[in-house]
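Visitor: predicted model and sequence follow; I will ask about them next.
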Amino acid sequence: MGYYKQQQIIEESEFVPEKKDVHKRNANNRNRGKVYERKVAAAIGGVRNLDKRYQHLDVYNDTTCYEVKSTQAAVPQWIDSAMQQCENASAESGYEMGGIIKVWTQGKARAFLIKEIDLTVTDEETNEENND
């Protein structure tokens, strides 16, 4: 290997996090995910899945299962504006706000319902569960 290639590798390795930093970040992400799974479960009247036989099941209630994804990124602008439009339509019409339906039409058409749930109401219940 040439001198300049070796210097490039040394410089790039300075930006690679150490393994313990990566492990800590992954653990923090898993813990944050668990906290939000508990909050969502409380908000929908369900429970968080602890049974390892169902690896893809995060939260469920009597009739429905949910996959919970948490992120620290900002809510996309199109969701913010669509939710504002839905709130305005609900206020004008007097109907209950249902949510946003996003339709992808490329290939086989798929539609997804996006509905906001209140997680702040369940903070006290979630803290009680953490203390157990």
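Guide: Structure's in. What do you need?

Visitor: C-alpha from now on. contacts and neighbour counts both.
Guide: Noted.

Visitor: residue 47: neighbour count?
Guide: Using other Cα atoms under 10 Å, residue 47 is surrounded by 19 other residues.

Visitor: once you drop chain neighbours, what's closest to it?
Guide: Excluding the flanking residues, the one nearest residue 47 by Cα to Cα, 6 or more residues apart in numbering is residue 41, at 4.9 Å.

Visitor: which stretch of helix or strand covers that neighbour?
Guide: Following DSSP states H and E, the helix or strand that holds residue 41 is helix 19-44.

Visitor: helix or strand right after that helix?
Guide: Next helix or strand after helix 19-44 toward the C-terminus (DSSP H and E): strand 47-48.

Visitor: note down every partner strand of that following strand and its orientation.
Guide: The partner list of strand 47-48 in its sheet, established with DSSP bridges, is strand 59-60 (antiparallel).

Visitor: okay, buried residues for the helix holding residue 41 please.
Guide: Of the residues in helix 19-44, those buried under the neighbour-count criterion (16 or more other Cα atoms under 10 Å) are 33-44.

Visitor: that helix packs against which elements?
Guide: Here helix 19-44 is seen to pack against strand 47-48, strand 59-60, helix 123-131 when contacts are counted using 3 or more Cα pairs under 8 Å, 6 or more residues apart in numbering; DSSP states H and E.

Visitor: those: lowest mean pLDDT?
Guide: With a mean of 51, helix 123-131 has the lowest mean pLDDT of the helices and strands packed on helix 19-44.

Visitor: and the pLDDT for the residue nearest to residue 61 when sequence neighbours are not counted?
Guide: Across the structure, with Cα to Cα, 6+ apart as the measure, the residue nearest residue 61 apart from its sequence neighbours is residue 46 (4.0 Å). pLDDT for residue 46: 91.

Visitor: gap between residue 46 and residue 37?
Guide: If you measure residue 46 against residue 37 using Cα to Cα, to the nearest Å, the figure is 10 Å.
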